[in-house]
Each structure stands twice: as structure tokens, then as C-alpha cells.
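Enquirer: curious how this folds, go ahead:
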Amino acid sequence: MPKTKLLLLEDDTNLSETVCEFLESKGYEITPIYDGEAAETLIYEHHFDLFLLDVNVPLLNGFELLKNVRKEGNTTPAIFLTSLNAIEDLEQGYESGCDDYLRKPFALKELLFRIETILKREFFHTTNPKIQIDERIAYDSMSNQLFINQTAVQLQNKEAKLLKLFLQKKNEIISHEMLMTHLWEYDEQGSDETLRTYIKNLRKIMGKDRIVSIKKLGYKFTLA
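Expert: Have a look, this model is predicted:
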């Protein structure tokens, strides 16, 4: 099963190394980066499950970085790790789109707890449980139910799981490996052909242009 991928933006190399070693020992895959511009490039080029962001870093500070990412529709959860402790800094952090704010110095176990708590959530930065896909189609994230013209639509179990993943990671490229791992348990036998069938069935409901095939990379569910 693929590891959960975290991006760590921290220009203190000693702290970065300590955090990476600790989280890697807990089974996470960590990508350390040391300036905001490089972090922004990585975020646009790769998928991460959570961002850990220092604020006072070179070239582009953490607040501005996350604002830019949110403007592009990326809802990946983010935790600020910072020595800034004024209430104005806390307010600015949440206004820029973070999910949590951890003041330095912090205990590694507390960081782990915060990461695990956030990753248990299924949808991020949605103020309304109803996700409007277009004027006819909506998804209720509380009941995990799809509606067309306010009438519930029955999906197969795997199709429902696939749709939920697409909506959790809307406008992101989801790798073939992630799709296969998400849909089939370790004791089940999945196949490329079956995956394509589920995607074809969802396209019939959503419209074929809603689920975009990205050659050699995976699929992307487009949602404005």
C-alpha cells in the first residue's frame, strides 16, 4: 500500500532532519524542501496528502505559498509549524487556508497526533456538505450519496468509492497506482480493464469531459 506523502517546508536543516526521521519511522513518506518557491513548484508537479509549512522561509513565505495554492483549487490539508505566536499571526495562518497551526517548539508526538487527526477527515475546506458538480448533479459528503435532479442515483460499491476519491482530490492528477490501491483490498484482484469500466460508467453520469485521462500519469476529475 502506498505511503502517505507529506511535504515539509522548513529551512532549519536540523529541525527538518529531525522531523523527517521521526515521521519516516512512523511510516510516512516525507519530501523536505527549504524555500517557498521550490515548495510551490513541487506542489504543482506532485501529489501530497498533507503540507507541513514553516512561515519565515526564503523566497516565498508559508502564508503566501498556501494562499497561492488555495487560489488554484488545491484543498490538500496544511499545518503551519512556526515560532510566530501573536494572535495576528494565528489569524493570518487560518485566513490563508491552513487546517492547523502548531507553535515551535513542539513535541514530535503532538505533531504526529495533529497529522493523524487531520488525515482522518474525508473532505477538506468544504463549508457545505453538498458538493455541486454541475447544475443537475450534486454529491452529499455526509451521506456519500449522488443526486441527479435531486433524485438519488444508485452506484456500484466500487463506483461510489471511485467517485468519492475523485471528489476528495478534485482537479488533482490521481495516479493509476493510487486508484488501484484505493478500490481493491489486498485480497482482491483488480484489473486495468475493470478500472476503465468503472470510469466509463461514471463518465456516462458526469459527462465524459469531467474525468480526464492524463497519459502515463492517471486521471483528473475536473470541478470548477
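Enquirer: ok, T151 - contacts?
Expert: Contacts for T151 (CB atoms under 8 Å, 6 or more residues apart in numbering) come out as none. Where you see a C-beta, it was placed from the backbone N, CA and C, and this is true even at glycine.
Enquirer: ok, it to R136 distance?
Expert: Distance, T151 to R136, using CB to CB, to the nearest Å: 10 Å.
Enquirer: ok, now I115?
Expert: To R136, I115 is 38 Å away according to CB to CB.
Enquirer: more neighbours: which of these two?
Expert: Just comparing I115 and R136: by other CB atoms under 10 Å the higher neighbour count belongs to I115, 22 against 11.
Enquirer: show the contacting residues for the residue lying closest to the more buried one once chain neighbours are set aside.
Expert: Leaving aside its chain neighbours, I115 sits nearest to L50 (6.3 Å; criterion: CB to CB, 6 or more residues apart in numbering). L50 makes contact with 4-7, 76-79, 115, 118-119, according to CB under 8 Å, 6+ apart.
Enquirer: what about burial for the residues you listed, which qualify?
Expert: 4, 6-7, 76-79, 115, 118 (16 or more other CB atoms under 10 Å).
Enquirer: hey, what's I148 bridged with?
Expert: Note on I148: beta-bridge partners I137, T151, judged by DSSP bridges.
Enquirer: is it true that it touches I205?
Expert: Yes - between I148 and I205 there is a contact under CB atoms under 8 Å: 7.2 Å.
Enquirer: list residues touching both of these two?
Expert: I137.
Enquirer: neighbours of C20, how many?
Expert: Summarising burial for C20: neighbours were counted as other CB under 10 Å, giving 19.
Enquirer: just say helix, strand or coil for the closest residue in space to it that isn't next to it in sequence.
Expert: When the adjacent residues along the chain are set aside, C20 lies closest to I30, with 4.6 Å between them (CB to CB, 6+ apart). At I30 the chain is in strand, as set by DSSP: H, G, I helix; E, B strand; the rest coil.
Enquirer: need the contact list for I30.
Expert: 6-8, 19-20, 23-24.
Enquirer: reformat the buried ones among the contacts of L50 as TSV; add distance to Q189, pLDDT and secondary structure.
Expert: As requested, the buried ones among the contacts of L50 are exported to TSV (distance: CB to CB, whole Å; pLDDT from 0 to 100; DSSP: H, G, I helix; E, B strand; the rest coil):
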residue	distance to Q189	pLDDT	secondary structure
T4	25	81	coil
L6	31	92	strand
L7	33	93	strand
T76	31	82	coil
P77	32	85	coil
A78	37	87	strand
I79	37	89	strand
I115	32	89	helix
I118	33	82	helix
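Enquirer: ok, back up a step: ok, which pair from the contacts of I30 is furthest apart?
Expert: Longest distance between any two of the contacts of I30 is 13.7 Å, between L7 and E24; criterion CB to CB.
Enquirer: with only the CA atoms kept, save stretch 205-213 in CSV.
Expert: These are the backbone C-alpha positions of stretch 205-213, laid out as CSV (Å, rounded to 0.1, in the frame of the first residue of the first chain):
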residue,chain,number,x,y,z
ILE,A,205,-23.3,10.0,-15.5
MET,A,206,-21.0,13.0,-15.1
GLY,A,207,-20.1,13.7,-18.7
LYS,A,208,-17.0,12.3,-20.5
ASP,A,209,-15.1,15.6,-20.1
ARG,A,210,-15.4,15.6,-16.4
ILE,A,211,-12.9,12.7,-15.9
VAL,A,212,-9.8,13.5,-17.9
SER,A,213,-7.3,10.8,-18.8
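Enquirer: that concludes my questions; thank you for your assistance.
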